[in-house]
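Chemist: The following block contains a protein sequence and its predicted model.
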Amino acid sequence: MAKRARDVMTPNPACCSPDTSLDQVARMMILNNCGEIVVVDTSDLPIGVITDRDIVCRIVAEGKNPIGHTVDSVMTAPVIAVSEDTSLDEVTATMARHQIRRVLVVDEDGCCAGIIAQADVVLDASQDNAVQLVREVSRNTGRASR
């Protein structure tokens, strides 16, 4: 039987609100050993993500003080997500199409159920699919990836 998103996702990823300070988010990344935090609204629906790269490229590299900013000023939105029932092949295709290294997994209510990183897919994909994903996500299109 073909694997689904629910089979490879990391369940219950760390989440924050849009008004969370960037220094708080950085501490969350350290505590959760991750490079991406899901941004949710007051209904717990994902509205964006904040990555370590977002903080570095959009704040630090521009000489701004991260302590003076909140997530909403640098988060990546809209969210790219797949459902828990999405096939691993479609997860791979979605990540390649959007050139993203991580994709959210949402439940039937649209709430964040998990997250899938490129490494999770590569470990479970065929060698050809794994190579194709890494190639597509790493392709230089002149835009920052997350």
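Modeler: Now that the structure is in, tell me what you want to look at. Note that this is a predicted model, so its numbers are computed, not measured. Numbers count the residues shown, from 1 in each chain.
Chemist: What residues does the residue most central in space within the chain make contact with?
Modeler: If you average the C-alpha coordinates of the chain and look for the closest C-alpha using C-alpha atoms, centre = their mean, you land on Arg102, 4.0 Å from that point. Applying C-beta atoms under 8 Å, 6 or more residues apart in numbering, one finds that Arg102 lies in contact with 35-36, 49, 95, 115-118, 146. C-beta coordinates here come from the backbone N, C-alpha and C atoms, glycine included.
Chemist: so which one among these has the lowest pLDDT?
Modeler: pLDDT is lowest at Arg146 among those; the value there is 47.
Chemist: Is it correct that Val39 falls within a strand?
Modeler: Yes: looking at Val39 with DSSP: H, G, I helix; E, B strand; the rest coil, it is inside a strand.
Chemist: so what's it bridging to?
Modeler: Judged by DSSP bridges, the bridge partners of Val39 are Cys16, Gly48.
Chemist: ok so, going back, any quick ChimeraX command for the buried ones out of the contacts of Arg102?
Modeler: Provided next is the ChimeraX selection string for whichever of these are buried by 16 or more other C-beta atoms under 10 Å:
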select :35,36,49,95,115,116,117,118,146
